[in-house]
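Colleague: quick one, what's the 3D model for this:
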Amino acid sequence: MSSQEPLIRAEDLHRDYQMGQTTVRALDGVDLTVEEGEFLSILGPSGSGKSTLLHLLGGLERPTTGRIWVGGREVTALDENQLATYRRQEVGFVFQAFNLVSTMTALQNVAFPMYFARVPRAERRERARRLLQGVDLADRMDHQPTELSGGEQQRVAIARALANDPCIILADEPTGNLDSQTGAEVMQVLERLNQQQGRTIIVVSHDPTVMDFVKRSIHLLDGQLTDDVRSR
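Modeller: Below is the predicted model of the structure:
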């Protein structure tokens, strides 16, 4: 990849869904570039297409038409096995509902993705410990999700997203289930990862206060990009 090439490049993305006899267009010709090390938010009201865009970038869905390149490689041309490898190795996901395994401790939840990457057990545990320390949960490693607050669960989820050292973190409404103060604390964790580790982070939200933390915000409305603002 040349130094001029953005980390992510999406061209003319369309995504249609069939709802009975009706075709719903979730994305309608979106073009986007994201540089390595950017901290970007995708903002818009419910139904604007922002989560769909995030899912396409993460390889969770395929566009109806359009192409996506990540690191100079066309993700939209990958087969299912290659796409699974891309999701496992290059993308870390953070979801609104946390999606932690309720029967596992925080440490086990963070170590879990490394099992599928065939990381040796001792290394899994050590890396999980470091990641939890990095999100200020050193004293909560042996707690299960039901013993953690919402903000703590989301920080476990962020640590888990980092488990396989991905180049991109995709966060879908990461503050959606949290009060404003706890949501700000979660955004500060993501901001720190971006500033100190240079992680490329894309956050989808309907909450405009996330603009206080990110470096750039794009706005979607009815599946189209309406605004692209550099915050700082």
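Colleague: buried sites along stretch 167-187?
Modeller: 167-175, 177-178, 182-187 (16 or more other C-beta atoms under 10 Å). C-beta: built from backbone N, CA, C; applies to glycine.
Colleague: helices along this protein, start to end?
Modeller: Taking DSSP state H as the test, the helices found in the chain are 50-57, 80-90, 106-116, 121-134, 150-161, 180-197.
Colleague: just send these back as a markdown table, with distance to Ala26 and mean pLDDT too.
Modeller: Formatted as a markdown table, the entries for those read as follows, by distance: least, C-beta to C-beta, whole Å; pLDDT from 0 to 100:
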| stretch | distance to Ala26 | mean pLDDT |
| --- | --- | --- |
| helix 50-57 | 4 | 96 |
| helix 80-90 | 19 | 94 |
| helix 106-116 | 28 | 94 |
| helix 121-134 | 33 | 95 |
| helix 150-161 | 24 | 96 |
| helix 180-197 | 25 | 94 |
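Colleague: ranking these by burial, who's on top?
Modeller: Sort these by mean neighbour count, taking mean count of other C-beta atoms under 10 Å, and helix 150-161 sits at the top with a mean of 25.
Colleague: quick check: Gln154 touching Pro174?
Modeller: Yes: using C-beta atoms under 8 Å as the test, Gln154 is close enough to Pro174 to be in contact (6.0 Å).
Colleague: list residues touching both of those two?
Modeller: When contacts are counted by C-beta atoms under 8 Å, 6 or more residues apart in numbering, Gln154 and Pro174 have Val94, Val186 as shared neighbours.
Colleague: looking at the helices of the chain, which is closest to Met141?
Modeller: Comparison of the helices of the chain against Met141 by C-beta to C-beta identifies helix 106-116 as nearest, at 4.3 Å.
Colleague: quick one: that closest one to chain centroid distance?
Modeller: 17 Å (C-alpha atoms, centre = their mean, to the nearest Å).
Colleague: who's in contact with that helix?
Modeller: 88, 100-101, 104, 123-125, 127-129, 131-132, 137, 140-145, 148, 152, 156-157, 159-160, 163-164.
Colleague: about what we covered before: export the helices of the chain to a markdown table and tack on distance to Leu7?
Modeller: Below are the helices of the chain laid out as a markdown table (distance: least, C-beta to C-beta, whole Å):
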| stretch | distance to Leu7 |
| --- | --- |
| helix 50-57 | 11 |
| helix 80-90 | 10 |
| helix 106-116 | 21 |
| helix 121-134 | 22 |
| helix 150-161 | 17 |
| helix 180-197 | 13 |
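Colleague: look up the residues forming beta bridges with the residue nearest to the spatial centre of the chain.
Modeller: Note on the chain: the residue nearest the mean C-alpha position is Leu170, at 1.1 Å, using C-alpha atoms, centre = their mean. Residues found in beta-bridge contact with Leu170 (criterion: DSSP bridges) are Phe93, Ile202.
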